[in-house]
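Q: Kindly return the folded structure for what I paste below:
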Amino acid sequence: MDWVVYPFFVWLTLPFWILVLAEFGFLFWCVSYRHGFIALASLVVLACLFQFFGDIPVLVYLWHNPLVALACLGVWLFVSVPWAFTKWWMFVRDNSGRYDEILGEFLEQQAYREWPKDPNGFTADQKVAWKLYFDQHSRMDDWYEYNRVEFDPSPRTHKADIMTWMMFWPWSLLWTLLNDPIRKFFRHCYYYMVSWLESIRDYYWKDKRGHMPTQAEMDAYYQKQQEEAAEQRRKQQDQWRQQHQDDSRQLQ
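A: You can find the predicted model right below:
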């Protein structure tokens, strides 16, 4: 049975390559923005175009060779499942590293240097202050695929992402490799090195940190200065008032 309406996308012709490259780029976009079902629908449309407007009987072949189709699906799953675990590990690891960066920057501020290094030891008020800071600084302009750092990501809330990674693992893998792999490699190295680098810093500066006042001490100092200045102004006003009263008595 001939299902071809018009052979436009003929094998290895210019329309064929244009369609394939367009679909390839569209799948990259779908993977990067996590539109798995749209990508799947585009593959169905591509198969129909090849079937009805080309000389590649994709649907007929799959219909008459179900075992081959199942074997291909099995091989696809055999590769896609490990990649989904790998991609999820990379995603969780990146979020954890970015979270530690924001926490480190928070604790490096003068106002919070005396706070516990482990947020599990924060008081309720300290946790609120840390959350407000995290919410303000969790958005990343250079974040791969995601524009913010996610706290304690759960696979249940990333079902669409994981399914997209599995269904379209070749594009997901290529996108991951092409998206600045050198920068990501050294960032992962930095995540493992940062604790050692801080220990070197602490070795030379731990005993010197008390040389400078903390933010609380600075606030107390400025508060005292303001109180002394206010007291001085009050005394001057009292003196002026007393002087004015004395002058009034002399005139009388």
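Q: For the rest of this, base every contact and every neighbour count on C-alpha atoms.
A: Noted.
Q: so Asp161 sits right up against Arg34, yeah?
A: Yes. Counting by CA atoms under 8 Å, Asp161 touches Arg34, with 5.7 Å between them.
Q: Run through the stretch 101-250 of the chain and note the low-pLDDT ranges.
A: 140-146, 179-180, 182-183, 209-210, 212, 214-215, 247-250 (pLDDT under 70).
Q: quick one, strands of it?
A: Under the criterion DSSP state E, counting those that start in this stretch, the stretch 101-250 of the chain carries no strands.
Q: ok, and what's touching stretch 81-89?
A: 162, 165-166, 169, 173 (CA atoms under 8 Å, 6 or more residues apart in numbering).
Q: Only the buried residues of that stretch, if you could.
A: Within stretch 81-89, the residues scored as buried using 16 or more other CA atoms under 10 Å are 81, 83-84, 87-88.
Q: ranking the contacts of stretch 81-89 by neighbours, who comes first?
A: Most neighbours among these, by other CA atoms under 10 Å: Trp165, with 26 neighbours.
Q: quick revisit: which members of the buried residues of stretch 81-89 occur in helices, if any?
A: Counting by DSSP state H, the buried residues of stretch 81-89 place 81, 83-84, 87-88 in helices.
Q: Pick out whichever of the residues you listed sits closest to Ala129.
A: Nearest to Ala129 out of these is Trp88 (CA to CA; 29.8 Å).
Q: neighbours of Arg233, just the number please.
A: Arg233 has 12 nearby residues by other CA under 10 Å.
Q: oh sorry, the question was meant for Phe26
A: Considering only other CA under 10 Å, Phe26 is surrounded by 15 other residues.
Q: Now do the helices in the stretch 101-250 of the chain.
A: Under the criterion DSSP state H, counting those that start in this stretch, the stretch 101-250 of the chain carries helices at the ranges 124-137, 159-167, 169-178, 181-205, 215-251.
Q: what comes into contact with the second one?
A: Under the contact criterion CA under 8 Å, 6+ apart, helix 159-167 has outside partners 31, 34-37, 77, 80-81, 83-84, 87-88, 155, 172.
Q: can you put these in TSV and add distance to Val60?
A: Conversion of the contacts of helix 159-167 to TSV gives the following (distance: CA to CA, whole Å):
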residue	distance to Val60
Val31	28
Arg34	30
His35	28
Gly36	25
Phe37	23
Leu77	23
Ser80	26
Val81	28
Trp83	30
Ala84	31
Lys87	35
Trp88	36
Pro155	37
Ser172	29
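Q: just the ones in helices among the buried residues of stretch 81-89 now: which is nearest Leu103?
A: When those are ranked by distance to Leu103 (CA to CA), Trp88 comes first, at 22.3 Å.
Q: what's the domain layout of this structure?
A: 1-64, 66-209, 213-252 (automatic domain parsing).
Q: So which of those domains has the densest surroundings on average?
A: Comparing those on average neighbours per residue, with mean count of other CA atoms under 10 Å, the densest one is domain 1-64 at a mean of 16.
Q: any idea how far the nearest residue to Arg113 once chain neighbours are set aside is from Pro15?
A: Leaving aside its sequence neighbours, Arg113 sits nearest to Leu107 (CA to CA, 6 or more residues apart in numbering; 5.4 Å). Going from Leu107 to Pro15 by CA to CA, to the nearest Å gives 58 Å.
Q: Next: Met163.
A: For Met163 relative to Pro15 (CA to CA), the value is 31 Å.
Q: Would you format the helices of the stretch 101-250 of the chain as a markdown table with distance to Val45 included?
A: Compiled in a markdown table, those are given as follows (distance: least, CA to CA, whole Å):
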| stretch | distance to Val45 |
| --- | --- |
| helix 124-137 | 42 |
| helix 159-167 | 16 |
| helix 169-178 | 18 |
| helix 181-205 | 32 |
| helix 215-251 | 63 |
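Q: Of all those helices, which one is nearest Val44?
A: Nearest of the helices of the stretch 101-250 of the chain (CA to CA): helix 159-167, 13.3 Å.
Q: quick one, that closest one and helix 169-178 angle?
A: Relative orientation of helix 159-167 versus helix 169-178 (axes from the mean of the first three to the mean of the last three CA atoms, to 10 degrees): 100 degrees.
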